[in-house]
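In: just to be clear, the model below is a prediction. Sequence and coordinates:
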Amino acid sequence: MGVGIKEGLCVISEKAPAKINLSLDVIRRREDGYHELEMVMTMIDLADRVDLYEERYPVIRVESSSGVVPSDSQNLAYQAASLLQERYRVSRGASIYIDKKIPVAAGLAGGSSDAAATLRGLNRLWELHLSLDELARIGEEIGSDVPFCIYGGTALAKGRGEVLTHLPAPPSCWVVLAKPAFSVSTKEVYGALRVDHITRRPDTDKLVQVIKAQDYEAMCRLMYNVLEEVTMKMYPEVGTYKRLITRFGADAVLMSGSGPTVFALVRQESRVRRLVSALRGFCRDVYAVRLLGHGLNLRENVQK
Ligand code: C5P
C-alpha cells in the first residue's frame, strides 16, 4: 500500500486479500434473481497487489500477471475504475496492473477484492475524498462481495452480501487452502440451488457469538456452507478434496463461497506442514496462510 512517482505521475499500490466463508446460508431467492444470504466472511493473507498509475487522459487500462484474467470491461477492476471515473466526472485516467496471486473463479473473491482495491486506490490517486461507506455503495454496483472487500476484516454479511455488520477477528489459526484444477461459475451454482431442498443450515447467530467469545473449537464445529452440497453434486472432486483433507487432519474443513476451493483451519504449525505436504501430492494449488481477520488497517489508506 505504497505511493510512488513514475515519470512524474503518481503510483499507488493496494493489497487485495482473498476472503473465505466461515459460513454461508441462503435464506430465499429474491425477485431480482439474487439470493438473500447470511454469511460470515473473513480475510486471509493470500493477496493480489493492485498498482495504479495515473494517466493524463481519461483512459482505463488493465494488465495482469495472469494469462486468464481479462483486461477489458469483463474485468471487475476495470468496471470499478470506469464507474468511479464516470460517476465523479474524473478527467484523468488510470493504468491498473494486477499482480495476481489469488486463484481465479475459486470462491475466494479475488476479482471482487481487486475491484475494491482499485476503488480505494483511485480514491487516493484521483483525490476524490470519498469515505469507505461511499466506496462500498459504489462497489455494490460491481458485485455482491465488493462492499465487504472495501472494508476487509471480518463481517456478518446479509442481503445479497452488501449489508455488513463488522465482527472482531476470529481466534487466530492457520488456513490451508486447496484449489482444484477447475473453476466454478457462481451464477451456475446459485442457478442449481433449490432453497426448499436445503436440509441443513449453519447456526449463524451462534457462530457470531462464539467468534466474539474467541471460542476456536466451537467456531470450527459451527462452520457450514449450504452451497457445498450443490457444488459437490456438480463437481464430485470437491467432495474428494474435503474427505482427503479431513483424513489428513484439520480442525475444520469447508468449501469457500461457491467453490471449488476447500480450506482447512489448523492451529498447530506441525500439522500445517504435514497437511501441506500431503496435499501437494495431488493438488498443484496449495496455500498455507494466516487469517487477516483484523483487516489491513485499510482505513489508513483512504483519505476521508
Ligand atoms: O454479485 P455478483 O455479480 O458477484 O454475483 C454473481 C452471480 O451470483 C449473480 O449473477 C447471481 O446469479 C449469483 N448470486 C446470487 N445471490 C447473491 C449473490 C450472487 O444469486 N446474493
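Out: Noted; the coordinates are in hand.

In: assign the residue nearest to Pro180 when sequence neighbours are not counted to helix, strand or coil.
Out: Closest residue to Pro180 apart from its sequence neighbours, by Cβ to Cβ, 6 or more residues apart in numbering: Pro260 at 4.7 Å. (C-beta placed from N, C-alpha, C; glycine too.) Three-state secondary structure (criterion: DSSP: H, G, I helix; E, B strand; the rest coil) places Pro260 in coil.

In: which residues touch Pro260?
Out: Ala106, Gly107, Lys179, Pro180, Phe182, Ser183, Val184, Thr231, Tyr235, Glu237, Val238, Tyr241 (Cβ atoms under 8 Å, 6 or more residues apart in numbering).

In: quick one, strands of the stretch 1-150 of the chain?
Out: Here the stretch 1-150 of the chain has its strands, by DSSP state E, counting those that start in this stretch, at 3-6, 9-29, 35-55, 60-64, 93-99.

In: could I get the ones you listed in JSON lines, plus columns for mean pLDDT, distance to the ligand and mean neighbour count?
Out: Formatted as JSON lines, the strands of the stretch 1-150 of the chain follow (pLDDT from 0 to 100; distance: least, Cβ to the nearest ligand atom, whole Å; neighbours: other Cβ atoms under 10 Å):
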{"stretch": "strand 3-6", "mean pLDDT": "59", "distance to the ligand": "30", "mean neighbour count": "11"}
{"stretch": "strand 9-29", "mean pLDDT": "93", "distance to the ligand": "7", "mean neighbour count": "22"}
{"stretch": "strand 35-55", "mean pLDDT": "97", "distance to the ligand": "4", "mean neighbour count": "22"}
{"stretch": "strand 60-64", "mean pLDDT": "96", "distance to the ligand": "18", "mean neighbour count": "19"}
{"stretch": "strand 93-99", "mean pLDDT": "97", "distance to the ligand": "18", "mean neighbour count": "21"}
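
In: tabulate these (CSV), appending distance to Ala117.
Out: Output for these, formatted as CSV (distance: least, Cβ to Cβ, whole Å):
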stretch, distance to Ala117
strand 3-6, 14
strand 9-29, 4
strand 35-55, 4
strand 60-64, 12
strand 93-99, 9
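
In: returning to what we had before: now the buried members of the contacts of Pro260.
Out: By neighbour count, with 16 or more other Cβ atoms under 10 Å, those hold Ala106, Gly107, Lys179, Pro180, Ser183, Val184, Thr231, Tyr235, Glu237, Val238, Tyr241 as buried.

In: so what pLDDT did the one residue in the stretch 201-304 of the chain that gets nearest to the ligand get?
Out: Residue of the stretch 201-304 of the chain nearest the ligand, by Cβ to the nearest ligand atom: Ser258 (7.4 Å). Note on Ser258: pLDDT of 98.

In: ok, it - contacts?
Out: Neighbours of Ser258 in contact, by Cβ under 8 Å, 6+ apart: Gly107, Val184, Ser185, Thr186, Val189, Tyr190, Leu227, Val230, Thr231.

In: pick the one among those closest to Gln268.
Out: Nearest to Gln268 among those is Gly107, at 25.4 Å by Cβ to Cβ.

In: tell me the spacing between that closest one and the ligand.
Out: 11 Å (Cβ to the nearest ligand atom, to the nearest Å).

In: one step back: show me the contacts of Pro260 that map onto strands.
Out: In this view, those that belong to strands under DSSP state E are Lys179.

In: quick one: Ala181 from the ligand, how far?
Out: Ala181 sits 22 Å away from the ligand when distances are taken as Cβ to the nearest ligand atom.

In: got the CA coordinates for stretch 75-87 in CSV?
Out: Output in CSV follows, covering the C-alpha atoms of stretch 75-87 (Å, rounded to 0.1, in the frame of the first residue of the first chain):
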residue,chain,number,x,y,z
ASN,A,75,-12.6,-7.3,-15.5
LEU,A,76,-14.1,-6.1,-12.2
ALA,A,77,-11.2,-3.7,-11.6
TYR,A,78,-11.8,-2.2,-15.0
GLN,A,79,-15.6,-1.9,-14.2
ALA,A,80,-14.8,-0.3,-10.8
ALA,A,81,-12.4,2.3,-12.4
SER,A,82,-14.8,3.2,-15.2
LEU,A,83,-17.8,3.6,-12.8
LEU,A,84,-15.8,5.8,-10.4
GLN,A,85,-14.5,7.9,-13.3
GLU,A,86,-17.9,8.4,-14.8
ARG,A,87,-19.8,9.0,-11.5
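
In: stretch 219-230 vs the ligand: in contact?
Out: No - Stretch 219-230 does not reach the ligand (Cβ under 6 Å from any ligand atom); its nearest approach is 10.1 Å.

In: let's have the contacts of Ser258 in a markdown table, adding pLDDT.
Out: Output for these, formatted as a markdown table (pLDDT from 0 to 100):
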| residue | pLDDT |
| --- | --- |
| Gly107 | 97 |
| Val184 | 94 |
| Ser185 | 95 |
| Thr186 | 96 |
| Val189 | 98 |
| Tyr190 | 98 |
| Leu227 | 98 |
| Val230 | 97 |
| Thr231 | 98 |
